[in-house]
Structure formats: C-alpha cells, structure tokens
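[1] The sequence and its predicted three-dimensional model are supplied below.
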Amino acid sequence: MDVLTEYAAKRRFWYISIAILSFTLFFASIISLCIGPTPISFNIALKSVLKQVPLLNSMLSAQGFFSDLPSQEEVIVVSIRLPRILTCMFAGAALGLAGAILQGIFKNPMADPYVIGVSSGAALGATIAFATGLGFTIFGAAAVSALAFIASLLTTLLVYSVAKVGPRVPVMTLLLSGIAVSIFLSAFTTLLITFAGKILHGIYFWLLGSFAFAKWADFYIVAPLTAIGFFAAFLYSRDLNIMSLGEETAQTLGVETESVKKVLIAVSSLVTAAAVCVSGIIAFVGLIIPHVMRILVGPDHRVLLPASLLGGALFLLFCDNLARAILPPLELPIGVITAMFGGPFFIYLLRKKKGEYSL
C-alpha cells in the first residue's frame, strides 16, 4: 500500500468515526429527552424536536406528522428538557475541546482545562455573586454565570502574565503558575463560603456542577462561544501536530509557536469559561475524553479536535442522565458522576505514565 492510498484510507476512517459520533450523539440526545419525572416516548420526543426546525415543520405539518403530538408533553420537551440537554452537550463539547487543545500544547495527556486556573476563577466569581449579591443589579438572574465567566477570563490573564518570561511563555511555567493562582483563589473562595450562612447550599451545589436549572439563555451563551472556539482551534490543528515534535523543531518548520500558544490558550480559556459559567465546576471531562479519542482516532489534531468535541458532549450527556436517574426523584450533582469516572482514570494515567516523569 503506497502513501497516498494509506492516507486516503485514514481519511475515510476519520470521516466514518466523526459520522458515528455525530449520529450517536443525536440519538442519545433524543433518548435523554425521554428521561425525567414524566416519562415521554422516543416518538413524541423526536416529533417535538423536529417541530422546532422551521423547514421540517412546514414540510411535515402538511402531511399531518404532528397531529398526534400532545401539547403538554411538547411543552415539557421544548421548554424544560431541550435547553438542559443542549446546554449539557455544548458544555461537554467545550470541555472536551479545551482538553484536547491543552494536552496538545503541554504534550501531556494528564493536562485538562482547569490547569490554567479557569475553574478556581469561576468558583470565586460565582461565590462572590452568591455571598454578596454583587452583579444582580446589573446582570439580574444571570449574575452568577456572568461573574463566573468574567472571573474565569481575568484569572487566565493573570496566570498568563505571571508565566510570561520576556516575550515567551514556557509551558512548564504556565502550568506551575496556574496551580499557584488556583490555590490562592481557592483560599478566598473557602473564606467566603465560611461566612456564607444560609446560602451555603446554593454555593456548594453550584461548585459541584449541575444542569438542573439550565435555561435557553444558558444555551445561547455556551453554544456560540464553543462553535467559535472550535473553528478557531481547528485552523491551528496542523500547527498543533507540528508542535508535538517539539517547539524547537516546530520553529524550524516555520510555526510561530508563541503566537500559536497565545491564541490556543485564549481559545481554551474562553470555551472553558463558557462551559463553567452555565454548569458550575465539572472536572475530568477535559482529561478523559481527549485521551480516549486519541486512542480511537489517533493523535492527528485535524480529527482529534472534532472527535473530542463530540466525545465530550456525549460523555457529559451520559453523566447527566445518570445524575437524574440513579436516585429519583433526587438529582445528584453531575460533578459527582464525572469525578467517579475521572478519579480512577487519572490514577490509571498516572500509573501508566509514571516512568516518564520519574526523576
């Protein structure tokens, strides 16, 4: 088999993999719409979704396709469950994408979106909103999400400024700066929680992550930012591939490594902040998914980035379904479910890679 034939076969495998992930995600999302206190059939859930697409609505309505669609169940699907499912999917997609980007930059499968301080910044911003009421006069009901988003981005700027050495940002310095700033901000979050009083439960529930109160407004925040982040990151997928050979090699091949790192760190911070502000702190998605996708589709970022995007959405949707179904009518914080998967997986990675990091 010559090189061109082998590459063509590889491209076909990539397309098939992305198509399978996409179809699986679509059907999983419809099944998720059926789960809840009010059981809804797959047929009703699918019709409710298709009715929201203007072109399909006009075509299928003329054939009486929606004639047997109960109005009450349609309202439950469209107004309550659909925004939750879509928000969950895009948040998972954002975390999976950010994880793939950062693991490519750090060249380390144990890197995840929270190593640069995004989660600690978001936690502090949300806690400030809960504990002081700051932001509610400006942002109204969206104050918690708004302050979490703003604090996430400010934390990333702080970490980047601390890590900068002249015109360069060494990867190891960035990692250590993120850890240091995270610990520092977590101390303030803990201090505010100590004096929170009656609102302690609200803060704690948010910090563990949940989509229980997801609204269409949350979807309108996370969806466009994730889409923009994906297309921006995909433009640099070839550069990420070359940087995996080492920064010095990449520079000799014409890649402006510092510029690429700046853009990709900004993109990963933006999409992570978008996910965190609508869902709370959900760990391990960005750690697990890129590693699994790398095993399934290979290390080429031209396919790894979209695969991590879809895989993150699928994984978080699965975890959200578990959070709703394990102890009905109670709902577990989704961060608990992801941690149950992520903790053992992190230990597995650590044991697998420990020889590489021994002194």
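    Nice, thanks for sending it over. Numbers count the residues shown, from 1 in each chain.

[2] drop to CA atoms for contacts and neighbour counts, all remaining ones
    Noted.

[3] Could you report the neighbour count for Q63?
    9 (other Cα atoms under 10 Å).

[4] CA atoms only: put stretch 298-313 into PDB for me.
    Only the C-alpha atoms of stretch 298-313 are listed here, as PDB (Å, rounded to 0.1, in the frame of the first residue of the first chain):
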ATOM      1  CA  GLY A 298      -5.200   8.800  16.600                       C
ATOM      2  CA  PRO A 299      -3.200  11.900  17.500                       C
ATOM      3  CA  ASP A 300      -3.800  14.000  14.400                       C
ATOM      4  CA  HIS A 301      -5.500  17.200  15.700                       C
ATOM      5  CA  ARG A 302      -7.400  17.600  12.500                       C
ATOM      6  CA  VAL A 303      -9.600  14.700  13.600                       C
ATOM      7  CA  LEU A 304      -8.800  14.700  17.300                       C
ATOM      8  CA  LEU A 305     -10.400  18.200  17.900                       C
ATOM      9  CA  PRO A 306     -13.800  17.400  16.400                       C
ATOM     10  CA  ALA A 307     -13.800  13.900  17.900                       C
ATOM     11  CA  SER A 308     -13.000  15.400  21.400                       C
ATOM     12  CA  LEU A 309     -15.800  18.000  20.800                       C
ATOM     13  CA  LEU A 310     -18.400  15.300  20.100                       C
ATOM     14  CA  GLY A 311     -17.000  12.900  22.600                       C
ATOM     15  CA  GLY A 312     -17.100  15.500  25.400                       C
ATOM     16  CA  ALA A 313     -20.800  16.200  24.500                       C
END
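
[5] and that stretch, what's its mean pLDDT?
    For stretch 298-313, mean pLDDT is 94.

[6] buried ones in it?
    299-313 (16 or more other Cα atoms under 10 Å).

[7] What is the nearest of those to S32?
    A313 (12.5 Å; Cα to Cα).

[8] Look at the closest one and give its secondary structure.
    helix (DSSP: H, G, I helix; E, B strand; the rest coil).

[9] contacting residues around it?
    Taking Cα atoms under 8 Å, 6 or more residues apart in numbering as the criterion, A313 is in contact with 25, 88-94, 96.

[10] mind redoing it with 7 Å?
    89-93 (Cα atoms under 7 Å, 6 or more residues apart in numbering).

[11] With L134 instead?
    I128.

[12] ok, residues contacting whichever helix or strand I150 is part of?
    Here I150, judged by DSSP states H and E, is contained in helix 143-163. Defining contact as Cα under 7 Å, 6+ apart, one finds that helix 143-163 is touched by 116-119, 121-123, 125-126, 129-130, 135-136, 169, 173-174, 177-178, 181, 269-270, 273-274, 277-278.

[13] Just the buried subset of those, written out for ChimeraX, thanks.
    Applying 16+ other Cα under 10 Å to the contacts of helix 143-163, the buried members can be selected in ChimeraX as follows:
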select :116,117,118,119,121,122,123,125,126,129,130,135,136,169,173,174,177,178,181,269,270,273,274,277,278
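
[14] max-length helix in this protein?
    helix 3-34 (DSSP state H).

[15] In that one, which residues are buried?
    For helix 3-34, by 16+ other Cα under 10 Å, it's 14, 18, 21-22, 25, 28-34.

[16] Output the contacting helices and strands for that helix.
    helix 42-50, helix 301-325 (3 or more Cα pairs under 7 Å, 6 or more residues apart in numbering; DSSP states H and E).

[17] can you list the ones you listed in JSON lines and add distance to F195?
    Below are those laid out as JSON lines (distance: least, Cα to Cα, whole Å):
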{"stretch": "helix 42-50", "distance to F195": "44"}
{"stretch": "helix 301-325", "distance to F195": "29"}
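
[18] Which residue comes closest to R168 once chain neighbours are left out?
    Distances taken as Cα to Cα, 6 or more residues apart in numbering put E258 closest to R168, at 6.3 Å, once the chain neighbours are dropped.

[19] How many neighbouring residues does the one you found have?
    15.

[20] Within the helices and strands, which one has it?
    In this structure, E258 sits in helix 257-279 according to DSSP H and E.

[21] again with L240
    Here L240 sits within helix 237-243, counting by DSSP H and E.
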